[in-house]
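Novice: quick one, fold the following:
(one chain, ligands or ions: 1)
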Amino acid sequence: MRKSQLFAGCRLDRAAQLRRDAAWVAAMMEDEKSCFLPVWRNLNLVEDGNRLMQVAGTPLRRLLSGSAERVLLGVEDEQAFFAIDLSMMNERDAQAVAGNGEFCDLRRVGGVMNATEAALAAYARASLRWHRYSRFCGHCGAATVSQHGGQQRLCSNSDCARQLFPRTDPAVIMLVVRPADDHSPARCLLANHHRSPSGSYSTLAGFVEPGESLEDAVVREVREEVGLALEGVSYRGSQPWPFPGAIMLGFHATTMQSDLAIDSDELADADWFSAAELEEFGEWGETGAARRLPPHDSIARDLIETWRRQVIDAGEHRRSPAGD
Ligand SMILES: [Zn+2]
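Specialist: Numbering: from 1, shown residues only. This next block holds a predicted model:
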């Protein structure tokens, strides 16, 4: 990967040792330098449309005196960063805390935030969601309590005492590629998913299932969605994807087959495109283009651009069908 993906690269020291000291965490919560980032029902607080906003003053003191879940995200330059969950509030009360800010879907605003704040917002959103959905022990049903500044939860039933750790769900995302041959240039497979806007073409993707390696999941997803058998799978990089709590693991997947059996329940369209044909695609959000590529800050786009550069460097984009 050439660059850090959107939502990756959070610079905070997660303070694995310090956060085990409850007194230190409590002191950080009282520290005037500490920064508190609210999340309300998966929406991050944003000001001016693109800047992560913290809550301070009287609204913060009121929150800290209540039961709102708070998670120590980490420390940078002796400043502690906490995420604080406002989800139990109704919309009016949450908006009163927000002041001039607006609770925004990170999927919508992440691309216009600076990279550091986007990563912090993703971390806060994913952490608080995990806490909100982990309030009871899945084994015995007793309430769980947050520990170590939110790095884990503990079942309150002493006979059970299960520890729960924040989880992230692995999803594979893959660009299927077909090398050049005597009949056609190198091509990649892009699909328009039913859940995406019409004209938006991207890579295939899917969740890893129990009992699968990442490579197994790539092979299965490609077979299920477009009916292709793969020759090889190579890892290219990853991106945190907090919608709601996944990590995208990116691959190039090579096939020698070209006939597609498209799963119409998942995909509205899928087809092969050469590097030259990709030049005709518009950018994400462009209204005029018949087909559009994923956003530049997505791992899907990075998989496409990495392949495109490889093909151009190898001169495979110039090969034309036999007889030309
Ligand atoms: Zn339990």
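
Novice: looking at this, E215 is in a strand?
Specialist: No. Counting by DSSP: H, G, I helix; E, B strand; the rest coil, E215 is not part of a strand but helix.

Novice: what sits up against stretch 241-248?
Specialist: The contact list for stretch 241-248 (C-beta atoms under 8 Å, 6 or more residues apart in numbering) reads 7, 42, 106-107, 122-123, 125-126, 129-130, 167-173, 205, 207, 238-240, 299. From N, CA and C alone the C-beta is placed, and that goes for glycine too.

Novice: strands along the stretch 1-150 of the chain, start to end?
Specialist: Applying DSSP state E, counting those that start in this stretch to the stretch 1-150 of the chain gives strands spanning 35-40, 43-47, 51-52, 70-76, 79-85, 102-104, 144-147.

Novice: as CSV, those strands with distance to the ion and mean neighbour count would be great.
Specialist: Shown next, in CSV, are the strands of the stretch 1-150 of the chain (distance: least, C-beta to the ion, whole Å; neighbours: other C-beta atoms under 10 Å):
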stretch, distance to the ion, mean neighbour count
strand 35-40, 26, 23
strand 43-47, 31, 23
strand 51-52, 35, 18
strand 70-76, 21, 21
strand 79-85, 22, 22
strand 102-104, 33, 19
strand 144-147, 7, 16
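
Novice: what's the distance between C140 and the ion?
Specialist: 3 Å (C-beta to the ion, to the nearest Å).

Novice: what's that residue sitting at in phi/psi?
Specialist: phi -120, psi -10 (degrees, to the nearest 10).

Novice: ok, it touching S156?
Specialist: No. C140 is beyond contact range of S156, at 9.6 Å (criterion: C-beta atoms under 8 Å).

Novice: all helices of the chain, in order?
Specialist: 22-30, 57-65, 91-98, 106-109, 115-132, 214-226, 275-278, 299-313 (DSSP state H).

Novice: for beta bridges, what are the partners of the residue nearest to the spatial centre of the chain?
Specialist: Computing the C-alpha centroid of the chain and ranking residues by C-alpha atoms, centre = their mean puts W241 first, at 0.8 Å. On the basis of DSSP bridges, W241 takes part in beta bridges with A246.

Novice: alongside the ion, which residues does the stretch 151-300 of the chain contribute?
Specialist: The stretch 151-300 of the chain comes close to the ion at residues 155, 157, 160, 162, as judged by C-beta under 5 Å from the ion.

Novice: so what's the residue nearest to the last one when sequence neighbours are not counted bridging to?
Specialist: Sequence neighbours aside, C155 is the residue nearest to R162 in space, at 4.3 Å (criterion: C-beta to C-beta, 6 or more residues apart in numbering). Beta-bridge partners recorded for C155 (DSSP bridges): T144.

Novice: measure the residue nearest to A126 when sequence neighbours are not counted to N44 for me?
Specialist: Excluding its sequence neighbours, the residue lying closest to A126 (C-beta to C-beta, 6+ apart) is P242, at 3.9 Å. For P242, the distance to N44 (C-beta to C-beta, to the nearest Å) stands at 10 Å.

Novice: so what sits against both of those two?
Specialist: Common contact partners of P242 and N44 (C-beta under 8 Å, 6+ apart): 106, 125.

Novice: list the contacts for the nearest residue to Q54 once chain neighbours are set aside?
Specialist: Distances taken as C-beta to C-beta, 6+ apart place C35 nearest to Q54, at 4.9 Å, with adjacent residues excluded. C35 sits next to 54, 79-82 when contact means C-beta under 8 Å, 6+ apart.

Novice: repeat that for L214.
Specialist: Applying C-beta under 8 Å, 6+ apart to L214 gives the contacts 170, 172, 208, 235, 249, 251.

Novice: list only buried entries from those residues.
Specialist: Listed as buried from the contacts of L214 are 170, 172, 208, 249, 251; burial here means 16 or more other C-beta atoms under 10 Å.

Novice: quick check: beta-bridge partners of the residue nearest to A270 when sequence neighbours are not counted?
Specialist: By the measure of C-beta to C-beta, 6+ apart, the closest residue to A270 outside its immediate chain neighbours is A191, 3.8 Å from it. Assessed by DSSP bridges, A191 has beta-bridge partners S202, A270.

Novice: OK, contacts around A191?
Specialist: Counting by C-beta under 8 Å, 6+ apart, A191 touches 201-204, 225-226, 262, 267-271.

Novice: one more: Q95?
Specialist: Per C-beta under 8 Å, 6+ apart, neighbours of Q95: F103.

Novice: from the ion, how far out is it?
Specialist: On the measure of C-beta to the ion, Q95 and the ion end up 36 Å apart.

Novice: same thing with M53?
Specialist: 37 Å.

Novice: can I assume that residue is in contact with L45?
Specialist: Yes. Counting by C-beta under 8 Å, L45 is a contact partner of M53 at 4.6 Å.
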